[in-house]
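Novice: With the input below, show me the fold.
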Amino acid sequence: MRFSFLLACATAIAITACGRVSPPEPYGPLPTPQQVEWQKMEMNFLVCFGPNTFTGMEWGLGTEAEDVFNPSDLDCDQWASIAKAAGFKGMIIVAKHHDGFCLWPNPESTHTVARSPWKGGKGDVLKEMSEACASHGLKFGIYISPWDRNDPHYGTPEYNDVYVRTLESALDGRYGEVFEEWFDGACGEGPNGKRQVYDWPRFHETVLKYQPKAVMFSDVGPGCRWVGNERGVAGRTNWSTFRPDGFAPGAGAPPTDTLQTGNIHGNAWVPAETDVPLRPGWFWRESENDKVTSLNELLSIYNTSVGRNSLLLLGVAPDITGHIHPADSARILEFGSALRNIFSVNLADGAKVEASSSRGRVFKAGNILDGEYDSFWAAKDGVNEATLTFELAGEKTFNRVLIQEYIPLGQRVESFTVEVLGADGKWKEIANETTIGFKRIVPVETVTTSRIRVSLSSYAPPVINGFGLYLDEISGT
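Specialist: Numbering: from 1, shown residues only. This is a model prediction of the structure:
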């Protein structure tokens, strides 16, 4: 309703200013305001910390003694300060992994920090992390695995009641606003293990009751979807539109290629989230201190996640002290510095922009470069093929092309090409791609030109609100 009201206001302003020229009609499923703000975050931490940190396991058994969890100097402020300095916008904490151990004193469980020696059983990681997020201007999210290898009710109908009360104890507001609730679909303990029939509608209702603005993650959303791998690679074609009907998290998830690409004419807005660990595993191991992902790999992951209409969720694993290890923190800060270096100067700034079709003065082509998210160029009704030509402020050398659709009006572009004018006066194609969505970054060969042309093919009049040219001299590819 809020988005409809804002769109109506924008329409009224446009009509007044331009003699009844209104914005294009929305096309297809639309994001909620929360989904738009979620996409704008671009990069978040997934903090993986718990008994596995101390045992070296990836999936704990649920039989670990509570006293195994005993960080010597837990410092959530350190986590938040690193995230902030590197340009990340939020942190999601693995509050309960499959082993069932809760990082907060969950009254529904005896397998929690309240039974650990850490701070004499008075500690609460969720409280400390939520306060650190607030202190550093970051958003706070929670991962609570539905699988529980410790709870005796798991595998019975009663477990759904236990899990709902667990959600309530973490989401009831004591830790402030939660921007994302992270569900995975892991279920069961092997061919002869316990099987739980999860009550997903009830779980979703519980989240919305206590955190109505939270974006919910799972293989099928409803707020955002898994990208289908843990390598940091979204589909080269990636629709935020999706058709979740008939699928469920976990074993009932859609095929990997569908998770990668979305559905071209999906009936719901469920954008992709790309999760990848900074180390080979999700939890800290001393043996992996020299195996932190390289800077070039991280820059490549940025291009294949954020640069392919997805959000990057980087798995960060504090060590047994409760600190992010120096090898990890140095790499994260190096990554943030490199991104600032690459994307701080838009070489398209100051360009003159001409469009083959424009929807009046309010929606003129020049809006693409004004830096305002809600300011956009749009083609006229009925025009689904359009060209944008940029006359740059002199010759520019670049190897990254960035383009953005205004997703509050839907995802429209089916394909696009990028051409540059050569010294011989002829246009040369340097990119031929499919979808755009919130943001598309296309690595291209390093070229020098004074004119660039983008040709768009769309299912409805294209609506573009951002364009940039950048030079990556760090990765060089």
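Novice: ok, Lys396 - contacts?
Specialist: Applying C-beta atoms under 8 Å, 6 or more residues apart in numbering, we find Lys396 in contact with Leu347, Ala348, Thr448, Thr449, Ser450, Leu469. Using the backbone N, CA and C atoms, a C-beta is placed for each residue, glycine as well.
Novice: Sort out which of these are in strands and list them.
Specialist: Among the contacts of Lys396, the members falling in strands are Thr448, Thr449, Ser450, Leu469 (criterion: DSSP state E).
Novice: residue ranges with poor pLDDT in this structure?
Specialist: 1-20, 190-191, 476-477 (pLDDT under 70).
Novice: domain ranges for it?
Specialist: 33-343, 346-470 (automatic domain parsing).
Novice: Between the ones you listed, which one is closest to Pro24.
Specialist: Between Pro24 and those, the tightest spacing by C-beta to C-beta is seen for domain 346-470, at 5.0 Å.
Novice: Quick check: end-to-end length of the closest one?
Specialist: 6 Å (C-alpha to C-alpha, to the nearest Å).
Novice: Reformat the domains of the chain as CSV; add distance to Pro26.
Specialist: Shown next, in CSV, are the domains of the chain (distance: least, C-beta to C-beta, whole Å):
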stretch, distance to Pro26
domain 33-343, 11
domain 346-470, 5
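Novice: so which of these gets nearest Glu25?
Specialist: Using C-beta to C-beta and comparing these, the one that lies nearest Glu25 is domain 346-470, at 7.6 Å.
Novice: about what we covered before: out of the contacts of Lys396, which are buried?
Specialist: Buried subset of those (neighbour count, 16 or more other C-beta atoms under 10 Å): Leu347, Ala348, Thr449, Leu469.
Novice: Tell me how far the last one lies from Ala234.
Specialist: If I follow you right, that is Leu469. From Leu469 over to Ala234 the distance is 22 Å, taken as C-beta to C-beta, to the nearest Å.
Novice: returning to that earlier point: can you tell me which of the buried ones among the contacts of Lys396 lies nearest to Arg225?
Specialist: Taking C-beta to C-beta as the measure, Leu469 is the one of the buried ones among the contacts of Lys396 closest to Arg225, at 30.7 Å.
Novice: Tell me who's in contact with the closest one.
Specialist: Contacts of Leu469 by C-beta under 8 Å, 6+ apart are Asn346, Leu347, Ala348, Leu392, Lys396, Phe398, Arg400, Val401, Leu402, Ile452.
Novice: Nearest spatial neighbour of Trp239, chain-adjacent residues omitted?
Specialist: In space, and not counting its chain neighbours, Trp239 is closest to Gly262: 3.3 Å by C-beta to C-beta, 6 or more residues apart in numbering.
Novice: repeat for Leu61
Specialist: In space, Leu61 is closest to Arg149, 6.0 Å off (C-beta to C-beta, 6+ apart).
Novice: And Gly468, by the same measure?
Specialist: Gly468 sits nearest to Leu402 (C-beta to C-beta, 6+ apart), 3.9 Å away.
Novice: a helix runs through that neighbour, doesn't it?
Specialist: No - counting by DSSP: H, G, I helix; E, B strand; the rest coil, Leu402 falls outside a helix, being strand.
Novice: Give me the neighbour count for it.
Specialist: Leu402 is flanked by 19 other residues according to other C-beta atoms under 10 Å.
Novice: now it, which residues is it bridged with?
Specialist: Beta bridges link Leu402 to Ile441, Gly468 when assigned by DSSP bridges.
Novice: correct me, but Asp275 touches Arg225?
Specialist: No - with contact defined as C-beta atoms under 8 Å, Asp275 does not count as touching Arg225 (11.1 Å).
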